[in-house]
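**Q** Let's see this in three dimensions:
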Amino acid sequence: MSGRKSTYLFIGFAVAGLLSVLHVKAQEQPLPPPDTATIIKVAKANYGPNDTVFVKAQIINGELLGGKDLEEIFVWGGDPKEAAKYWANWTRLRNAVYVTYPMARSAGFVMIDVNKHLENVSGRSERKDYIKSREKELRAAFGDKVSDLSIYQGKVLMKLINRQTGNNCYEIIREMKGGFTAGFYQTLMFFAGTSLKQAWSPSEDKFDKQIEEIVLEIDRMYYGAPGYSSPAAAR
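**A** As a prediction, this is how the structure comes out:
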C-alpha cells in the first residue's frame, strides 16, 4: 500500500473519529476572520527639519545616550552545510503546518458544533445517523486536499489534531469506532512508517515546539489572534 493511500485511509477515519463526543475537551469559539476586524487609523505626525525627534535612550555609566533598535540578524558560527540542512528542515515543517493547520482547526470547530447538537440527543441510532451525516460533510470538504498529503504532512496533521482536540487520533478512533478498528488502522500506519498515536507536548518536545511557533505565526497573520493557543496546546 502506498504512503499516500495509507495517509488517506488514516485521514478518512481520523476525521470521522473527530466527531466523537466522548472525552473531548471544550474548545474556544471560532475567531472572526481578519477581514472583519475593526481598522484603526493612526495619524502620522509631520515633522519639519527643525522639529524635535524623540528617540529611545538608555543610561550607561551615568550618561544618557540615545539609541535605536536594529533589525534582527542571524549569526551562524557552525558548518554551512549544517545551517543549510537546518533551514531546509524548518522550511519543510513550516510548509506542512501551513497546509494542514486549517484542516485541523476546522475539524476542531466541527467537534464543538457536534458536541452542542448531541447534548440533548440520547437515542443511539439518532446520534449515529447525525455523526455519519457530519462525517460526509468533512469528507466532501477535505477529501481532495487530504489525498495529496504526504506521510510527513499526515504526521504533522495528526499532531495538530491532538493540539486542537486534546486527544491523539488513536484515542479518537477507539472512542468512535472501537478498539479493534483503532488497532487495525494503527497497524496500517505502522507499515506506512508513522503512527496514529502522535503525542503533543510543545513544552518538552522540540518538534512540537517548532510546530506551535508556526501555528502562532499563522494565527497572528490570518486569524487576527495574537498569542492564541488552544487548551490542548498548553500541555
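**Q** just checking, next helix/strand downstream of the helix or strand of the chain with the lowest mean pLDDT?
**A** Here the helix or strand of the chain ranked lowest by mean pLDDT, DSSP states H and E is helix 3-17, holding a mean of 46. Heading C-terminal from helix 3-17, the first helix or strand you meet, by DSSP states H and E, is strand 56-60.
**Q** what's that following strand packed up against?
**A** Under the contact definition 3 or more CB pairs under 8 Å, 6 or more residues apart in numbering; DSSP states H and E, strand 56-60 sits against strand 63-67. Any C-beta I mention is one placed from the backbone N, CA and C, and that applies to glycine too.
**Q** Tell me, how many residues neighbour residue 134?
**A** Residues lying near residue 134 (other CB atoms under 10 Å) number 18.
**Q** what does the one 3 residues further on give?
**A** Residue 137 has 12 neighbouring residues, counting by other CB under 10 Å.
**Q** Got the confidence number for the closest residue in space to it that isn't next to it in sequence?
**A** Of all residues not flanking residue 137 in the chain, residue 110 sits nearest, at 7.9 Å (CB to CB, 6 or more residues apart in numbering). With respect to pLDDT, residue 110 scores 78.
**Q** Tell me which helix or strand residue 110 sits in.
**A** Per DSSP H and E: residue 110 is located in helix 80-118.
**Q** buried residues in that helix?
**A** 93-94, 96-97, 99-108, 110-111, 114 (16 or more other CB atoms under 10 Å).
**Q** Stretch 141-152 now?
**A** 142, 146, 149, 151, 152.
**Q** wait, which of the residues you listed is closest to residue 87?
**A** residue 152 (16.6 Å; CB to CB).
**Q** Verify the stated contact: the closest one with residue 95.
**A** No: Residue 152 lies out of contact with residue 95 (CB atoms under 8 Å); the separation is 9.8 Å.
**Q** Tell me the spacing between residue 135 and residue 114.
**A** Distance, residue 135 to residue 114, using CB to CB, to the nearest Å: 10 Å.
**Q** brain fart, residue 92
**A** Per CB to CB, residue 92 is found 33 Å from residue 114.
**Q** Residue 63: neighbouring residues, count only.
**A** Residue 63: 7 neighbours (other CB under 10 Å).
**Q** show me what contacts residue 157?
**A** Listed by CB atoms under 8 Å, 6 or more residues apart in numbering, the contact set of residue 157 reads 11, 100, 103, 104, 149.
**Q** In terms of helices and strands, where is it?
**A** helix 151-165.
**Q** May I have that helix exported as PDB, CA atoms only?
**A** In PDB, the C-alpha atoms belonging to helix 151-165 read as follows (Å, rounded to 0.1, in the frame of the first residue of the first chain):
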ATOM      1  CA  ILE A 151       3.300  10.900   5.000                       C
ATOM      2  CA  TYR A 152       5.300  13.700   6.600                       C
ATOM      3  CA  GLN A 153       2.300  16.100   6.300                       C
ATOM      4  CA  GLY A 154       0.000  13.400   7.700                       C
ATOM      5  CA  LYS A 155       2.200  13.200  10.700                       C
ATOM      6  CA  VAL A 156       2.000  16.900  11.300                       C
ATOM      7  CA  LEU A 157      -1.700  16.900  10.800                       C
ATOM      8  CA  MET A 158      -2.100  14.200  13.400                       C
ATOM      9  CA  LYS A 159      -0.200  16.300  15.900                       C
ATOM     10  CA  LEU A 160      -2.300  19.300  15.100                       C
ATOM     11  CA  ILE A 161      -5.500  17.300  15.600                       C
ATOM     12  CA  ASN A 162      -4.200  16.400  19.000                       C
ATOM     13  CA  ARG A 163      -3.400  20.000  19.700                       C
ATOM     14  CA  GLN A 164      -6.900  21.100  18.700                       C
ATOM     15  CA  THR A 165      -8.800  18.400  20.500                       C
END
